[in-house]
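**Student:** turn this into a structure:
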Amino acid sequence: MNIDAIIESLSKSKSVLLDPTRRFLIEEALARREAIDLSTGALATWTRPESTGRSPLDTLTVRRKESEKNIDWDSPNNIPVDEETFD
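**Tutor:** Numbering: from 1, shown residues only. From the prediction side, this is the model:
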């Protein structure tokens, strides 16, 4: 998606928040019942049981020589893809 398409997509939105404060985001999450505030002051969220979330097995990592030694490629969660495929 090019930048013009992104700008057009955003302009169709009812409202776009630019750099909202932390306090505002917390108050919105609480008002929408998307989170609860704990006695410790932390904000807690939850995921519905039917939500599957992201699986490490559907996430690919571009294998580049600059970072190759920093990634544990023996881990089943680090699935490599070459740069040509990524581009």
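
**Student:** neighbours of residue 69, how many?
**Tutor:** Using other C-beta atoms under 10 Å, the number of residues around residue 69 comes to 7. Every C-beta, even on glycine, is put in place using the N, C-alpha and C of the backbone.

**Student:** quick check: the gap between it and residue 75.
**Tutor:** Distance of residue 69 to residue 75, given as C-beta to C-beta, to the nearest Å: 14 Å.

**Student:** what do you get for residue 21?
**Tutor:** In terms of C-beta to C-beta, residue 21 sits 38 Å off from residue 75.

**Student:** same check on residue 83?
**Tutor:** From residue 83 to residue 75 the distance is 20 Å (C-beta to C-beta).

**Student:** again, but for residue 67
**Tutor:** For residue 67 relative to residue 75 (C-beta to C-beta), the value is 14 Å.

**Student:** centre of the chain to stretch 9-27, how far?
**Tutor:** Averaging C-alpha positions (C-alpha atoms, centre = their mean, to the nearest Å) puts stretch 9-27 16 Å from its chain's average.

**Student:** what about that stretch, average pLDDT?
**Tutor:** Stretch 9-27 comes out with an average pLDDT of 86.

**Student:** three-state assignment of the residue of the chain most remote from its centre?
**Tutor:** Residue farthest from the centre of the chain, counting by C-alpha atoms, centre = their mean, is residue 39 at 27.0 Å. Following DSSP: H, G, I helix; E, B strand; the rest coil, residue 39 is assigned to coil.

**Student:** what score does it have for pLDDT?
**Tutor:** Reported pLDDT for residue 39: 94.

**Student:** repeat that for residue 68.
**Tutor:** What the model reports as pLDDT for residue 68 is 88.

**Student:** that one: how many residues sit nearby?
**Tutor:** Applying other C-beta under 10 Å, we find 10 residues neighbouring residue 68.

**Student:** what strand or helix carries residue 80?
**Tutor:** strand 79-81 (DSSP states H and E).

**Student:** output the next helix or strand after that strand as CSV, nothing but the C-alphas.
**Tutor:** On the C-terminal side of strand 79-81, the closest following helix or strand by DSSP H and E is helix 83-86. What follows is helix 83-86, C-alpha atoms only, in CSV (Å, rounded to 0.1, in the frame of the first residue of the first chain):
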residue,chain,number,x,y,z
GLU,A,83,15.6,-11.6,1.4
GLU,A,84,14.5,-12.2,-2.2
THR,A,85,11.2,-13.8,-1.0
PHE,A,86,10.6,-10.9,1.4
